[in-house]
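Asks: Provided below for reference: sequence and predicted model.
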Amino acid sequence: MAYKTIIEDDIDILVAGAGLGGTGAAFEARYWGKDKKIVIAEKANIDRSGAVAQGLYAINCYMGTRWGENNPEDHVRYARMDLMGMVREDLAFDMARHVDSTVHQFEEWGLPLMKDPKTGNYMREGRWQIMIHGESYKPIVAEAAKKSADKVFNRVCVTHLLMDDGKENRVAGAVGFNVRTGNYHVFKSRTVICGAGGASNIFKPRSVGEGAGRVWYAPWSSGSAYGLMIEAGAKMTQMENRIVLARFKDGYGPVGAYFLHLKTYTQNGLGEEYESKWFPALTEMVGKEYLDTEGQHLSHKPIPTCLRNHAFISEVNAGRGPIHMVTMEAFQDPHLEEIGWHNFLGMTVGQAVLWAATDVDPKYENPELTTSEPYVMGSHATGCGAWCSGPEDVSPDEYYWGYNRMTTVEGLFGAGDAVGGTPHAFSSGSFTEGRLAAKAACKYIDDGKAEGIRVSEKQIADLKEKIYKPLETYKVYSNEIVGGSVNPNFINPRQGLDRLQKLMDEYCGGFGVNYMTNEKLLQIGLKKIKMLEEDMEKIAASDIHELLRAWELNHRVRTSESVFQHTLFRKETRWPGYYYRGDAMKLDDQNWHVLTVSHRDRKTGEYTMEKAPLYHLVGDE
Amino acid sequence: MPTFVYMTRCDGCGQCVDICPSDIMHIDKTLRRAYNIEPDMCWECYSCVKACPHQAIDVRGYADFAPLGHSVRVLRDEEKGTIAWRIKFRNGKKDMELLAPITTKPWGAAIPKLSEEVAPGNEMRDGELLFNEPKYIRMDEGGLHTLESNGLKLKEGVYY
């Protein structure tokens, strides 16, 4: 093969994927590891990579303990309530107690945080959110990572983690290829911090054709966090907990600032409030503990995100759509109108383009909302990801195995979407998790846990062959046909992605089936995904760019299989509005007040599922 | 909104190729200019539009739901620390200009080089504090929150 093998040896901390989690890890690692070799591998350019590439108009996780606004445990209780109880509260508490120090540094670095003119505090959008001019959020944090890292390998797509050939279940680095030169990159490293992203585009999107890129989470979020870690044998948790977003129709523009800051609200096609009428039946489904409309009204507790989705979906199914966002009142105030537009320009420009294209002026017309296709990720209002150790001073025994944010694979750490059970971390919390992981990774090395790692030439050669196989397949078979994309010997990455999206939609509870599934459907889906997995051996790539898509698809398929396994395991409907198990339509605390944990055997591909206990933060008394 | 590139403005410098998070801005080998090779993997993030030194890249809303005749243009200036937008509606009735800051400091200058900071002692290494903590948690002398300091326990079971 013409591609060169480039080996980067003797790395201490390899950051695989540098979005907010990875940049946080690279930055902080230098403080704890002055003499350590810190390397970043990123498939794009860290100045504009990850979910925050486009910018953000808010930081959604800031406690404000400095002004007595919230304590970390308040945020944990909020996340618990929003996720119907299913949170790793040790990790969530740990993130929340550090996150303000991250945000205060962002301000010092030049990120424009808005101030409340009356109090001088940061401008609150909601209880946890502060407003920012965050167009350059990512380039700013990337500067910080660049100042700490020894080397940044942009445009290197990490496809596999390397495993220690001397000791079972210990990481030894990673491999991948440069999406421009095609060269094979080998990173031998004592630890790896996986900062790769969650998964968009695994469920069929509502948009068709050209618009398929207009997904809520970035189209380059290819589930690589899960693809890499599952393949390495790391245990995963809460992978069934996909998220569905209620957003502005087609453009998927965010609604947070609209609800919280602009005080806009929703109504059905008849101009009526619709949410509350669905609550009595919903309380029957989930229990009064999770939805007590009277109590919630008194305590001003927000309604969980999934349950609000449920009301939305039910109202549309009852024939009273579309659901509108009532903007016409707020937008009469020119200041609020400006904020409404800036909000899109700062993080979802496409929504502004869409309104300009369709002449929707929210001052004179209430825009439509929709519920999205599902997404699998771990930092928004959902907590998919790896089963990680918590911090020593907080975690109970079942949640603690020595190093904060270390997965069940030794030396492999996670941050951001990679860490399971930590919803509501968002950008600032993901960066904070990266910092925590970096400190722990340095300690792991200093404690001598990374001694004697061995990577055989065979492992490196085998992976090289595997990575370039799609190019080989194309070369061998493409001339067997006259032309076009129909070939009996292979499928291309787009064809594979289409198949994945269709089967996820139909069998795993996508928008096309109103988010409904059951045991039978899931089992059929698993069979089909096994066949897709077999066909992945025959995927073909005509060039290096398509090879990138082939490996992204590989990570998406690996992610999807895990989602199927977890969804099948949890025999209840824990999050109505995210998905429904038609054969178990009720929330079942007696049997399922637990976290789901999976393990895929590296050699056999067999899954084992287990329940892990839930610990909750409660007052001392 | 997939991006597209104006033939007469692009000089093939490759800034867009360098920055695109989706790896879809490529140089056409015959024309030696950039173009979007995979519009259905474009997020309309505008990273390439902002990076282009000749304003050669623009966006046309996704064909499957956005009618023609609109425009959202942008100028990002790191030296001035601002980003300027202009939004024009299809029907011509709305034409908005919006300006926002992108940084409050000279670019990158205020970000510390951690290799030059005083190294943490063993006590800090064994404890739970991160760089700049505890000071930056509350910008005062207060410490890190712990279960003990906040009167909390982690208990197994069903709590709401």
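Replies: Ah, there it is. Computed from a predicted structure; not experimentally measured.
Asks: Count the neighbours of the nearest residue to A:Val141 once chain neighbours are set aside for me.
Replies: Closest residue in space to A:Val141, ignoring its immediate chain neighbours: A:Thr23 at 4.6 Å, by C-beta to C-beta, 6 or more residues apart in numbering or on different chains. For every residue, glycine as well, the C-beta is placed using N, CA and C. Per other C-beta atoms under 10 Å in any protein chain shown, the neighbour tally for A:Thr23 reads 35.
Asks: Distance of A:Thr23 relative to A:Ala415?
Replies: Using C-beta to C-beta, to the nearest Å, one gets 9 Å for the distance from A:Thr23 to A:Ala415.
Asks: Give me the most central residue, the chain.
Replies: No chain was given, so I picked chain A. By C-alpha atoms, centre = their mean, chain A has its centre lying nearest to A:Met377, at 2.5 Å.
Asks: You answered for a different chain; I wanted chain B.
Replies: Nearest to the geometric centre of chain B sits B:Ser47, at 7.6 Å (C-alpha atoms, centre = their mean).
Asks: Show the contacting residues for the nearest residue to it once chain neighbours are set aside.
Replies: Among residues not flanking B:Ser47 along the chain, A:Arg48 sits closest, at 4.3 Å (C-beta to C-beta, 6+ apart). With contacts defined as C-beta atoms under 8 Å, 6 or more residues apart in numbering or on different chains, A:Arg48 is in contact with A:54, A:138-139, B:19-21, B:45, B:47.
Asks: Quick one: buried ones out of these?
Replies: Buried subset of the contacts of A:Arg48 (neighbour count, 16 or more other C-beta atoms under 10 Å in any protein chain shown): A:54, A:138-139, B:19-21, B:45, B:47.
Asks: Domain-wise, how is chain B divided?
Replies: B:3-101, B:112-151 (automatic domain parsing).
Asks: for the longest one, how far is the first residue from the last?
Replies: Just to be clear, that refers to domain B:3-101. 24 Å (C-alpha to C-alpha, to the nearest Å).
Asks: just to revisit the earlier point, verify the stated contact: the residue nearest to the centre of chain A with A:Asp417.
Replies: Yes: taking contacts as C-beta atoms under 8 Å, A:Met377 lies within contact range of A:Asp417: 4.9 Å.
Asks: overlap in contacts of the two?
Replies: What both A:Met377 and A:Asp417 touch, as defined by C-beta under 8 Å, 6+ apart, is the set A:197-198, A:221, A:384.
Asks: Save the residues you listed as JSON lines, and put in secondary structure too.
Replies: Output for the shared contacts of A:Met377 and A:Asp417, formatted as JSON lines (DSSP: H, G, I helix; E, B strand; the rest coil):
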{"residue": "A:Gly197", "secondary structure": "coil"}
{"residue": "A:Gly198", "secondary structure": "coil"}
{"residue": "A:Ser221", "secondary structure": "coil"}
{"residue": "A:Cys384", "secondary structure": "coil"}
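Asks: Is chain B within reach of stretch A:577-592?
Replies: Yes: using C-beta under 8 Å from any C-beta of the partner chain, stretch A:577-592 reaches chain B at A:Asp589.
Asks: For that stretch, buried residues please.
Replies: Buried residues in stretch A:577-592 (16+ other C-beta under 10 Å): A:577-581, A:584, A:587, A:589, A:592.
Asks: Please apply the same query to stretch A:126-141.
Replies: Those would be A:127-141, for stretch A:126-141 by 16+ other C-beta under 10 Å.
Asks: Which neighbouring elements make contact with the helix or strand where A:Tyr226 lies?
Replies: According to DSSP states H and E, A:Tyr226 maps onto helix A:224-231. If contacts are counted by 3 or more C-beta pairs under 8 Å, 6 or more residues apart in numbering or on different chains; DSSP states H and E, helix A:224-231 sits against strand A:156-163, strand A:184-194, strand A:236-237, strand A:385-386, strand A:412-414, helix A:544-569.
Asks: For chain B, which of these is the nearest?
Replies: Closest approach to chain B among these (C-beta to the nearest C-beta): helix A:544-569, 6.1 Å.
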